[in-house]
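Undergrad: Next input, structure requested:
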Amino acid sequence: MDALTSLGIDFKLLIAQIVNFGILLFVLTKFLYKPLVKLLDERKQKIAQGLDDSQKAEEKLAEADSTSKRQISEAVTQANLIIEKAKKEAELEAGQILDKAKIKATDIVKKATEASKRQEEDVMKNVRIRIAGLIGAAFEKIAEEKADSSSIDKAIKELR
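TA: Next up, the predicted model:
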């Protein structure tokens, strides 16, 4: 102890400082260090939880993105199938309409041909009747007058 005194260290004061340092260390540990460590641990857990949540959200987003792309692809495929089906139905219906139109056109041409033939026959019948009447009238004139060439020419001119 003399060695400490000769160095100017007071043993009672050293013990008091060690006790004060111990009390200060206890107080700081109890009221500052432990709450600070606890706060840092909670913060660390929140950050870890946030990273986990972020990772999960990213995975869900990727899953939702792939699901939406798949659904869009399926919708496009279905739309193309519907369009193809509609085109085929339209072509079939157009073919049926065209066939009906051809049949109608054929019927119309047939009826027009028949009507034309009937009309031609009627005209020919009327022409024959008129010619017969004219020939009859010409023969009467010829019979009244004598049958010479000048009287035949004269009768034909009168009939015109």
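
Undergrad: What is the neighbour count of Leu40?
TA: By other CB atoms under 10 Å, 10 other residues sit near Leu40. All C-beta spots, glycine's among them, are computed from the backbone N, C-alpha and C.

Undergrad: That one sits in which helix or strand?
TA: Element membership for Leu40, per DSSP states H and E: helix 34-144.

Undergrad: Phi and psi next, for Asp10.
TA: phi -90, psi 120 (degrees, to the nearest 10).

Undergrad: wait, what's in contact with it?
TA: Taking CB atoms under 8 Å, 6 or more residues apart in numbering as the contact definition, Asp10 lies against nothing.

Undergrad: Please point out which parts of stretch 74-89 sit buried.
TA: Buried residues in stretch 74-89, counted by 16 or more other CB atoms under 10 Å: none are found.

Undergrad: what's next to it, contact-wise?
TA: So stretch 74-89 is contacted by nothing (CB under 8 Å, 6+ apart).

Undergrad: mind saving the C-alpha coords of it as CSV?
TA: Coordinates of each C-alpha in stretch 74-89 appear next as CSV, following Å, rounded to 0.1, in the frame of the first residue of the first chain:
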residue,chain,number,x,y,z
GLU,A,74,-55.7,-18.4,-73.1
ALA,A,75,-58.1,-15.5,-73.9
VAL,A,76,-56.3,-14.7,-77.1
THR,A,77,-56.4,-18.4,-78.1
GLN,A,78,-60.1,-18.6,-77.4
ALA,A,79,-60.7,-15.3,-79.3
ASN,A,80,-58.8,-16.7,-82.3
LEU,A,81,-60.9,-19.9,-82.1
ILE,A,82,-64.1,-17.9,-82.0
ILE,A,83,-63.0,-15.8,-84.9
GLU,A,84,-62.1,-18.9,-87.0
LYS,A,85,-65.4,-20.5,-86.1
ALA,A,86,-67.3,-17.3,-87.1
LYS,A,87,-65.3,-17.1,-90.4
LYS,A,88,-66.2,-20.8,-91.2
GLU,A,89,-69.8,-20.2,-90.4
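
Undergrad: Give me the distance from that stretch to the chain's centre.
TA: 8 Å (CA atoms, centre = their mean, to the nearest Å).

Undergrad: Over to stretch 91-105?
TA: Centre to centre, stretch against its chain (CA atoms, centre = their mean), the figure for stretch 91-105 is 28 Å.

Undergrad: Repeat that for stretch 9-25.
TA: Taking mean C-alpha positions (CA atoms, centre = their mean), stretch 9-25 and its chain are 89 Å apart.
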